[in-house]
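> Return a 3D structure for these sequence lines:
(one chain, ligands or ions: 3)
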Amino acid sequence: MSSEPATPIAALEAQLLLDTFRGTDLGAVWLDADARVVLANECFAGWTGRDVAALSGQPLATLVGDLSLEHLDALRRADPATTPTRLSLRARDGSHRVLEVRAHPVTHAGRTLTTLLLVPIADRVEAEAIDGLQREVLESIALGRPLRSVLDLLCRRVEALAPDVACSVLLVEKNGTVTPIAGPSLPAAYVDALHGAPIGPRAGSCGTAAWRRAAVEVTDIATDPLWADYRSLLPLLDMAACWSTPIIAGNGEVVATFALYYRAPGSAPPFHRRMVEACVPLCRVALQHEANRSEIERLAYFDPLTGLPNRRLFSDRARQTLQMAARIQAPGALLLFDIDRFKTTNDSLGHAAGDEVLRETARRLQAEIGDSATVARLGGDEFAAVLPRCSPVEAMHAAERLRHALAAPLRISGMQIEVSSSIGIALFPQDGVELDRLVKNAEMAMYEVKRAGRGASRFFTSMMNDVVAQRMQMESALRQALAARGLALHYQPKMRLDGSGCAGVEALVRWNDPVLGHVPPDRFIALAEECGLIGAIDAWVLETACAQLAAWQRDGVPVPRMSVNVSPLRFHSDDVPAHVRRLLVLHELKPSALMLEVTERVMLSDDERTRVDLRTLNEMGVRLSVDDFGTGYSSLGYLKRLPVSELKLDKSFVCDLEAEASDRALADAVIGIGQALGLQVVAEGVETPGQRELLARAGCDMAQGFLYTRALPADELVAWLERERGSWTAPRLESIRGGRSRAA
Ligand code: C2E
Ligand code: MG
Ligand code: MG
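Residues are numbered from 1 along each chain as shown. Ligands and ions are numbered 1, 2, ... in the order given. All right, here's what the predicted structure looks like:
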């Protein structure tokens, strides 16, 4: 190889060669065998940042870093038609240029030169990158990936092609607020802060773009007035410029915005503009795809006419409810509704009117039932609902409520019509635990209603119809009794087992109905709890008992304390402490003269309000007693945590005390617990002297039962106390109230 400097090409030839390339953006260089520049055109010289003249004789490697001699050799040997080589040229100013190079050998004046033709291909590289991005995102949409991950992928690909950019997509909701859905490189705190932000004429880049329905390019967030209201977010953001483009759906609605954030102020370069041009349709496709998917789902699971769940969704949900009910052993009901004579309405008023009746029926059912249960349109004029955790009486109440809601007059095309409906009720588990069976049974009940003249509700079994009819009769009688002072209180003394007399009385409610006769509390208290009357009953009992105690105290009757039963449900619905406080003040009673008997169910309640109420009552000085102790629950932890002062040993343990060693052991244990915790123990249902002796010997404090007396009306109790008082032994301090109690 010769090392002599490249011989210059004759000036004219050179001029001709160079003229050929003038005005193009092609670089051309002629090299000698040692890869030194013989001639270069202006374009190439421009890329290297030197004059054409200064290039002559320069080794190519010093000008184009990527091109070594071996590289050049390979280029020379290659077929220029098929294998262009790419290289990157770093110009003096540091900028890069991606070029495609071809080498051609030429002979000049007996010497072999190499012509290098360099074609800038930045545009093509960028176009290929954008193509790749599009392909990848479209594939992800086609594979049915969730919208969030499709858009996340899109952002990440954009950020990989434009490393100085952070990308985001915000959904624009129908109510004019935004919901971020992708923004993988933006700070999470900033993205969170955008949730629910309204769009508007000065709502940053994205909110304004959505508002204007046109791209908004903010080149300096710190000063642009569009960002004035969002400047407080800047410390979270750490970005200086933001260019946002609205995504407009086929129907003309702005459904999202696509934004590029820049770390430095300034506007977006052309490549980024081309990328955004490609990304906006991609976002639109992804969003449309998502909208189609949810529409398909809606059509598959919801009735298009009424918007209610269809039979399919109803089956899914009802089966879930049934499984849950079986697991927690809670009863419930399935209701089947059929609009009476719907066919006639349809035929006489037309299908549009029929549709309106169905829509209105659906709306009313949904409004009555709310979110607590599933209502569905099974088809035609048939609707269904599953009511979890509901008793037969509650199911009948619900059915009647719904029937009345549907019966309210309805205006359709200027006409007022009334719709009656027939409802069949199947109960679970008793009428079936499988959905199909329940639906069938509810259907039979519903046909029975139709046969009997329509416009009513019925249970599947006739026995249940009788039971519920009876209970509903009892319920209305109880309502009347409560309103018309048909309830009374009887009082049963709690007697000290040391023989020193009466420690107090328990108020027990009595109901003597003109038709039903004497109804025992065990029957009507449960009913009252079911139909929501218990609060009113217990309130009446508390008021009456307090008034009675105050009267006795005025009259010097030796009743130191009044015990009143309070249902667990009352704690849920009423402010018991406030009621008690009012009554204590009204009747000038000492709080310690009142004791509330509650069951373990109340003590174990996980209702925060109940626990707070119990503590408040205790702080007021009111005593608490655990009624029916030993039945039901085994957890005793609450005795330590809650302010209890008395345990009532349930009468079921007392009645066989003499015969059953196990009951004796249990009584001993309860008395032991009471003593250990400093609580008074009262035995309920004491009927024989033998029971009394056993309890006294075991250390029980008090007894209550027929051995002394059954619960008596107030005046009879006073007479009873008068008679008994003579046999009581030494008085205890507690029963001397204002000197009124005379010891025997
Ligand atoms: P309880 O609070 O455990 O009341 C004791 C029950 O045992 C009373 O039944 C009483 O009459 C009965 N009893 C008393 N001594 C004997 C006896 O020696 N042998 C037998 N076998 N029984 C005896 P009653 O009055 O029928 O009340 C039943 C339940 O109804 C009460 O049990 C209480 O849980 C509830 N109750 C009564 N009145 C009210 C009230 O005003 N409000 C609420 N929420 N529940 C009440
Ligand atoms: Mg009681
Ligand atoms: Mg009891």
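> which residues in the stretch 51-200 of the chain form strands?
When assigned using DSSP state E, counting those that start in this stretch, the strands of the stretch 51-200 of the chain occupy the ranges 85-90, 96-108, 111-120, 165-172, 178-182.
> Could you identify which of these is most buried?
Mean neighbour count (mean count of other Cβ atoms under 10 Å) peaks for strand 165-172 among those, with a mean of 24. (C-beta placed from N, C-alpha, C; glycine too.)
> for that strand, packing partners?
Applying 3 or more Cβ pairs under 8 Å, 6 or more residues apart in numbering; DSSP states H and E, we find strand 165-172 packed against helix 147-161, strand 178-182, helix 204-212, strand 254-262, helix 270-301.
> May I have the shortest one exported as PDB, CA atoms only?
Coordinates of each C-alpha in strand 178-182 appear next as PDB, following Å, rounded to 0.1, in the frame of the first residue of the first chain:
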ATOM      1  CA  VAL A 178     -60.100  13.100  34.900                       C
ATOM      2  CA  THR A 179     -59.000   9.700  36.100                       C
ATOM      3  CA  PRO A 180     -55.300   8.800  35.500                       C
ATOM      4  CA  ILE A 181     -55.000   5.400  33.900                       C
ATOM      5  CA  ALA A 182     -51.300   5.300  32.900                       C
END
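> who does that strand touch, helix- and strand-wise?
Packing partners of strand 178-182 (3+ Cβ pairs under 8 Å, 6+ apart): helix 147-161, strand 165-172, helix 188-194, helix 204-212.
> which stretch of helix or strand covers Glu400?
Using DSSP states H and E, Glu400 falls within helix 392-407.
> Show me what counts as buried in that helix.
Residues of helix 392-407 classed as buried: 392-399, 402-403, 405-406 (neighbour count, 16 or more other Cβ atoms under 10 Å).
> swap in stretch 376-394?
Those would be 376-378, 381-388, 390-394, for stretch 376-394 by 16+ other Cβ under 10 Å.
> Which members of the residues you listed are the farthest-apart pair?
Spatially, the most separated pair among the buried residues of stretch 376-394 is Asp381 and Ser391, at 28.4 Å (Cβ to Cβ).
> For ligand 3, see how far away Ala325 is.
To ligand 3, Ala325 is 30 Å away according to Cβ to the ion, to the nearest Å.
> Mind pulling up the pLDDT for that residue?
We note a pLDDT of 93 for Ala325 in this prediction.
> Give the burial count for it, as a bare number.
Per other Cβ atoms under 10 Å, the neighbour tally for Ala325 reads 19.
> near ligand 3 too, which of the buried residues of stretch 376-394?
Checking these against ligand 3 by Cβ under 5 Å from the ion, not one of them is in range.
> In helices, which of those fall?
Of the buried residues of stretch 376-394, the ones assigned to helices by DSSP state H are 392-394.
> Which one, of the helices and strands packed on strand 178-182, ends up nearest to ligand 3?
Closest approach to ligand 3 among the helices and strands packed on strand 178-182 is made by helix 188-194 (55.3 Å; Cβ to the ion).
> residues making contact with the closest one?
Here helix 188-194 makes contact (Cβ atoms under 8 Å, 6 or more residues apart in numbering) with 168, 170, 178, 180, 183, 206, 233, 236-237.
> buried sites along it?
Going by 16+ other Cβ under 10 Å, helix 188-194 has these buried residues: 190-191, 193-194.
> Could you export that helix as PDB, CA atoms only?
The C-alpha trace of helix 188-194 is given here as PDB (Å, rounded to 0.1, in the frame of the first residue of the first chain):
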ATOM      1  CA  ALA A 188     -47.300   8.400  42.100                       C
ATOM      2  CA  ALA A 189     -48.200  11.300  44.400                       C
ATOM      3  CA  TYR A 190     -48.700  13.600  41.500                       C
ATOM      4  CA  VAL A 191     -50.800  11.000  39.600                       C
ATOM      5  CA  ASP A 192     -52.900  10.500  42.700                       C
ATOM      6  CA  ALA A 193     -53.500  14.200  43.000                       C
ATOM      7  CA  LEU A 194     -54.900  14.300  39.500                       C
END
